[in-house]
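Peer 1: coords below, sequence missing:
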């Protein structure tokens, strides 16, 4: 299932608020450290909401964060179970660098999405 709009909204969200990803990664790594070998990304999302209400990601982005974790930590790619999703079509490598730099955000967004979009720059300016 491909949904370019949802993928684009995730990338814009991530580039505008990379701290949500940092929090997801921290919680998942903590669960692994605590002995978990499988997690539900929904439970992780709710835990994040509970611990940090200011970082409330949309439920629509859960699949993206799960796949991003698998990209960042390939040794734990089976931590989450996956269903076919719009998240399958994103290249997460360029999104793993959370260093803020607007010009670099445009390049990373286009690399992550796999297409150039003239509207992307305008939407990034509004988001960031």
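Peer 2: Everything's here; your move. Note that the structure is predicted; figures quoted are calculated from it, not measured.

Peer 1: spit out the contact partners of residue 68.
Peer 2: Going by Cβ atoms under 8 Å, 6 or more residues apart in numbering, residue 68 touches 14, 21, 24, 92, 95-96. Quick note: C-beta positions are derived from backbone N, CA and C, even for glycine.

Peer 1: quick one: low-confidence residue ranges for this structure.
Peer 2: Counting by pLDDT under 70, the chain has low-confidence residues at 1-3, 53-56, 99-103, 115-128.

Peer 1: report the central residue of it.
Peer 2: Nearest to the geometric centre of the chain sits residue 65, at 3.7 Å (Cα atoms, centre = their mean).

Peer 1: from the contacts of residue 68, which would you call buried?
Peer 2: Buried residues within the contacts of residue 68, counting neighbours by 16 or more other Cβ atoms under 10 Å: 14, 21, 24, 92, 95.

Peer 1: tabulate those (CSV), appending secondary structure.
Peer 2: Below are the buried ones among the contacts of residue 68 laid out as CSV (DSSP: H, G, I helix; E, B strand; the rest coil):
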residue, secondary structure
14, helix
21, helix
24, helix
92, coil
95, helix
